[in-house]
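> Mind looking at a prediction? Sequence and model below.
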Amino acid sequence: MTWRREAELILCCAAASNPERSDRLRTIIGAGVDWEVVMRAAPRQGVMPSVHRALIPAFASHLPTSVQDRMRREVHGNAVRNCHLAAEMVRLCRLLETHGVHALALKGPALASSVYGDLALRQFTDLDLLVRQGDLGAAFAALAGDGFRTKAPFKKIGSGLPSGWEMTFMRERGLFELDLHWRLSPPYFPFTPEGDDLWARAVEVDLGPGRVSTLGPDDLMLFLCAHDAKHGWQSLSGVCDVAHAARAYQYDWETLTARAKSLGSLRILLLGLLLAHDLLGTTIPDALIDAARTEASVQSGARIFCRYFHQLGVNGPGLLQRWSIPLAMIPQRSARFRYALARAFLPATKDFDFVNLPFTLSPLYYAIRPLRFASQQIPNRLRYTPGPSTRHDTQ
């Protein structure tokens, strides 16, 4: 498709550095750029550090001084926050170890350090840890002793807790949320590796204040693609994660593809790799790109994301994108029905935040969730402006 200049500039900045990228950036900037659009969209897409690194100092003379100053402030604030969260990640992993819990650090600073090679190059605002389900009691006790409280009190979800997959914690007046996972994905979207083998394949990463364990390369790629597919590929940062992982590790693509097939996540993997290849120029084996181009559901998901990204909206994707992409990734009709049912009615943290009910009325959360969805979509409909009907370049 023909990208608007601001979208193409952001894509160029997020891609790997090379002489061709510099020439293209020079051409785009020379043709005229609405910098206010870029400054709104880059943080929303989670790529402001990449935009800053690509443009300053190389193209600083072409940017308004006010834009340069805003970029520097945002990037500096992101770097300071990331260093703080990295230190917290190390501290929390050590805290859990003292309670006999070996946690794996997910996303956040662990991903920034392991595949980006720089804590400051990735945007994140919270922390994620994975523990074994059998260690949940000890993990909850350790976090409670450290001042963390769950955002959804246990009594509100009762004995169903172990059948879920994550719990959100926060300190009073805390600056970040902590998502404690005992699965990599929810039961209604079961397309990630699970079990003790994740710990056997784990690798260590240096966060500065200390080292933490995180997912091994193959598990990481499968998780990244499934995580963003589950959320409907809501931002370019997810594509960047896949691209950076593909560059950071020497993958045995045949083995990785076989694992994806065994998990039922081949479509999910192909979509992530196709987006990284087509949008950011990431080197992916031709056989995998050809397979992605011949899979209708993968092509559909790529088109949906590209139409959304082309608009460079600041409100995030609508419900259609957040649901249609994951539904397209699920092969079986019965599994798609279970996914839709769970997404529509199964209460989550945002529902507990939406309205605080006493324990005796907690079954009402199953009705409140669809009402919350509806209340969010009305203003989105009023704000929505359709983008151009353009053909995606992977057709």
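Done, it's in.

> Low-confidence bits of the chain, can you list those?
Applying pLDDT under 70 to the chain flags residues 1, 151-163, 314-320, 348-349, 351-353, 358-360, 362, 365-366, 370, 373-395.

> So it: which segments form each domain?
Using automatic domain parsing, the domain ranges for the chain come out as 1-63, 80-215.

> would you list those domains in a markdown table and tack on distance to His231?
Where C-beta positions appear, they are placed from N, C-alpha and C, glycine not excepted. As requested, the domains of the chain are exported to a markdown table (distance: least, Cβ to Cβ, whole Å):
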| stretch | distance to His231 |
| --- | --- |
| domain 1-63 | 12 |
| domain 80-215 | 10 |
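
> So which of those is nearest Asp241?
domain 80-215 (6.4 Å; Cβ to Cβ).

> Now do the buried residues in the helix or strand harbouring Ile289.
If you go by DSSP states H and E, Ile289 is part of helix 286-293. Residues of helix 286-293 classed as buried: Leu288, Ile289, Ala291, Ala292 (neighbour count, 16 or more other Cβ atoms under 10 Å).

> Contacts for that helix, please.
Applying Cβ atoms under 8 Å, 6 or more residues apart in numbering, the external contacts of helix 286-293 come out as Trp253, Thr257, Leu270, Leu271, Leu273, Leu274, His277, Val298, Gln299, Ala302, Thr394.

> Which one of these is nearest to Leu143?
Nearest member of the contacts of helix 286-293 to Leu143, counting by Cβ to Cβ, is Leu271, at 34.6 Å.

> On the three-state scheme, Asp179 is what?
Under the three-state scheme (DSSP: H, G, I helix; E, B strand; the rest coil), Asp179 adopts strand.

> Identify each of the helices in the stretch 151-300 of the chain and give its residue range.
With helices called from DSSP state H, counting those that start in this stretch, the stretch 151-300 of the chain shows them at 154-157, 197-200, 217-230, 236-248, 253-263, 266-280, 286-293, 296-311.

> out of the contacts of helix 286-293, what pair is the most spread apart?
Trp253 and Gln299 (20.0 Å).

> Compare neighbour counts for these two and give me the winner.
Counted by other Cβ atoms under 10 Å, Trp253 and Gln299 do not tie: Gln299 has more neighbours, with 19 against 16.

> Asp69 versus that one, what's the distance?
Between Gln299 and Asp69 the computed distance is 42 Å (Cβ to Cβ, to the nearest Å).

> before we move on, what about Val355?
Taken as Cβ to Cβ, the span from Val355 to Asp69 is 41 Å.

> Could you give me the ChimeraX selection string for whichever of the contacts of helix 286-293 are buried?
The ChimeraX command for the buried members of the contacts of helix 286-293 (criterion: 16+ other Cβ under 10 Å) is given here:
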select :253,257,270,271,273,274,277,298,299,302,394
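
> In JSON lines, list the contacts of helix 286-293 along with distance to Arg91.
As requested, the contacts of helix 286-293 are arranged in JSON lines below (distance: Cβ to Cβ, whole Å):
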{"residue": "Trp253", "distance to Arg91": "37"}
{"residue": "Thr257", "distance to Arg91": "38"}
{"residue": "Leu270", "distance to Arg91": "38"}
{"residue": "Leu271", "distance to Arg91": "36"}
{"residue": "Leu273", "distance to Arg91": "35"}
{"residue": "Leu274", "distance to Arg91": "38"}
{"residue": "His277", "distance to Arg91": "38"}
{"residue": "Val298", "distance to Arg91": "41"}
{"residue": "Gln299", "distance to Arg91": "45"}
{"residue": "Ala302", "distance to Arg91": "40"}
{"residue": "Thr394", "distance to Arg91": "44"}
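
> Specify which member of the contacts of helix 286-293 is nearest to Ala54.
For the contacts of helix 286-293, the nearest to Ala54 is His277 (19.4 Å; Cβ to Cβ).
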